[in-house]
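Chemist: Fold the following for me, if possible:
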Amino acid sequence: MNSKEGARMENCIFCKIINQEIPSYRVYEDEKVYAFLDISQVTKGHTLVVPKEHVADIFEYEEDLAAEVFARIPKIAKAIEKAFPEMEGLNIMNNNKELAYQSVFHSHIHLIPRYSKKDDFSIHFGDHTGKYSTEEMTAIANAIKEQVK
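Modeler: Numbering: from 1, shown residues only. Predicted coordinates:
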């Protein structure tokens, strides 16, 4: 670990939560993952799942860490569903970098229970069907495909 990484982890609120330096409402913990209630509680049961290893975002994950972290998501999601049977859905969100609404730069996955269309949470997906030609769509797909390692 270089000194920049050490300083980043030392000042990271999620690292402090994982290390019990800051209190949290823990819902799950094992050797790889720490899950706790988001203090904002966008909806009742809003939970954050964080890797214990400090990685800023999805772009810093090694394949093994991703497998470990994302394998825990269904287990925690099912626990939320059992705890709140009135829940009608669940959004799973992972924001990466500031433009994508990441505000804490320790990777975390939001599990946001949904109770109704009036629960003060929404996502908007703009529909740009037809904006790109078949050739442009093929070029976009190929550009990504060529970079998959």
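Chemist: Please, where are all the helices along this structure?
Modeler: 3-10, 13-18, 63-83, 134-145 (DSSP state H).
Chemist: possible to save those as JSON lines with mean neighbour count?
Modeler: No exception for glycine: its C-beta is placed from N, CA and C like everyone else's. JSON lines is the format used below for those (neighbours: other C-beta atoms under 10 Å):
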{"stretch": "helix 3-10", "mean neighbour count": "11"}
{"stretch": "helix 13-18", "mean neighbour count": "19"}
{"stretch": "helix 63-83", "mean neighbour count": "14"}
{"stretch": "helix 134-145", "mean neighbour count": "10"}
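Chemist: Mind checking those helices for the one nearest to His108?
Modeler: His108 sits nearest to helix 13-18 of all the helices of the chain, at 6.5 Å, using C-beta to C-beta.
Chemist: Which strands and helices lie in contact with that closest one?
Modeler: Other helices and strands packing on helix 13-18, by 3 or more C-beta pairs under 8 Å, 6 or more residues apart in numbering; DSSP states H and E, are strand 33-37, strand 47-51.
Chemist: Name the surrounding residues that touch it.
Modeler: With contact meaning C-beta atoms under 8 Å, 6 or more residues apart in numbering, helix 13-18 is reached by 9, 22-24, 34, 36, 48, 50, 52, 54, 104, 106, 108.
Chemist: per-residue confidence averaged over that helix?
Modeler: On average, the pLDDT along helix 13-18 is 97.
Chemist: Just the CA coordinates for it, please, in PDB.
Modeler: Taking C-alpha atoms only, helix 13-18 is exported to PDB below (Å, rounded to 0.1, in the frame of the first residue of the first chain):
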ATOM      1  CA  ILE A  13     -15.800   7.000   6.700                       C
ATOM      2  CA  PHE A  14     -16.700   3.500   5.600                       C
ATOM      3  CA  CYS A  15     -13.300   2.100   6.600                       C
ATOM      4  CA  LYS A  16     -13.900   3.800  10.000                       C
ATOM      5  CA  ILE A  17     -17.400   2.100  10.200                       C
ATOM      6  CA  ILE A  18     -15.900  -1.300   9.300                       C
END
